[in-house]
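Visitor: The sequence isn't on hand, but the structure is:
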């Protein structure tokens with residue numbers, strides 16, 4: 001019998017480095033694939049939770065419908081923005097600066113039942129309403145106001161109400 005001798009062949013250092021590099025890349029690719037699979041399963045769970053069973057088959061149609069709704073909402077928002085922009089100049093003329101001064105017109109009535117209320121727009125135009133309550137009667141007066149002043153003589157309480165309204169204090 002003859003003995004067979006096998007020659008042993010070794011890899012050179014470059015080939016060894018390439019094999020190690022290839023194995024490392026293969027392991028990294030496997031890890032990335034596993035991570036992607038786990039992420040896909042998480043997305044599928046969210047998908048199942050988000051949409052009822054009858055809509056799951058046609059996800060593209062659902063997404064298209066949502067995109068159409070979003071476009072419609074954007075169009076509607078644009079129209080509302082235009083309307084608000086059209087109303088903005090009118091806000092300055094609105095009687096939105098209001099203040100009330102309560103007082104006892106006569107020392108014997110008590111309860112501060114008399115009041116002066118100023119209702120003004122941004123330029124100080126509007127009116128001041130005064131209601132004076134006594135034991136036996138009640139009187140109400142309205143006086144026009146232009147730029148914070150009136151052609152009719154104003155009481156100190158009316159002037160106080162106008163000043164408070166112009167500085168946006170609600171109750172003076």
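Guide: Yep, it's here. This one's a predicted model, so the numbers in the text were calculated from it and none came from an experiment.
Visitor: Average pLDDT for the longest helix seen in the chain, rounded please.
Guide: The single longest helix within the chain, with elements called by DSSP state H, is helix 13-50. For helix 13-50, mean pLDDT is 91.
Visitor: Please compute how far it lies from its chain's middle.
Guide: Centroid separation between helix 13-50 and its chain, computed with Cα atoms, centre = their mean, to the nearest Å, is 42 Å.
Visitor: got it, and stretch 42-53?
Guide: The chain centre lies 29 Å from the centre of stretch 42-53; the measure is Cα atoms, centre = their mean.
Visitor: same check, this time on stretch 59-74
Guide: 22 Å.
Visitor: Next: stretch 113-129.
Guide: What separates the centre of stretch 113-129 from the centre of its chain is 32 Å, taken as Cα atoms, centre = their mean.
Visitor: likewise stretch 148-158?
Guide: On Cα atoms, centre = their mean, the centre of stretch 148-158 falls 41 Å from the chain's centre.
Visitor: With residue 64 as the reference, measure out to the residue nearest the centre of the chain.
Guide: With distances taken as Cα atoms, centre = their mean, residue 77 lies nearest the centre of the chain, 13.5 Å away. Remark: distance between residue 77 and residue 64 (Cβ to Cβ, to the nearest Å) = 20 Å. Yep, even glycine has a C-beta here, placed from its N, CA and C like the rest.
Visitor: Could you do residue 28 as well?
Guide: When Cβ to Cβ is the yardstick, residue 28 and residue 64 sit 37 Å from each other.
Visitor: likewise residue 27?
Guide: Taken as Cβ to Cβ, the span from residue 27 to residue 64 is 41 Å.
Visitor: try residue 123
Guide: To residue 64, residue 123 is 52 Å away according to Cβ to Cβ.
Visitor: Please apply the same query to residue 31.
Guide: Distance from residue 31 to residue 64, by Cβ to Cβ: 36 Å.
Visitor: Repeat that for residue 105.
Guide: Relative to residue 64, and taking Cβ to Cβ, residue 105 is found at 70 Å.
Visitor: before we move on, what about residue 162?
Guide: Using Cβ to Cβ, residue 162 is found at 59 Å from residue 64.
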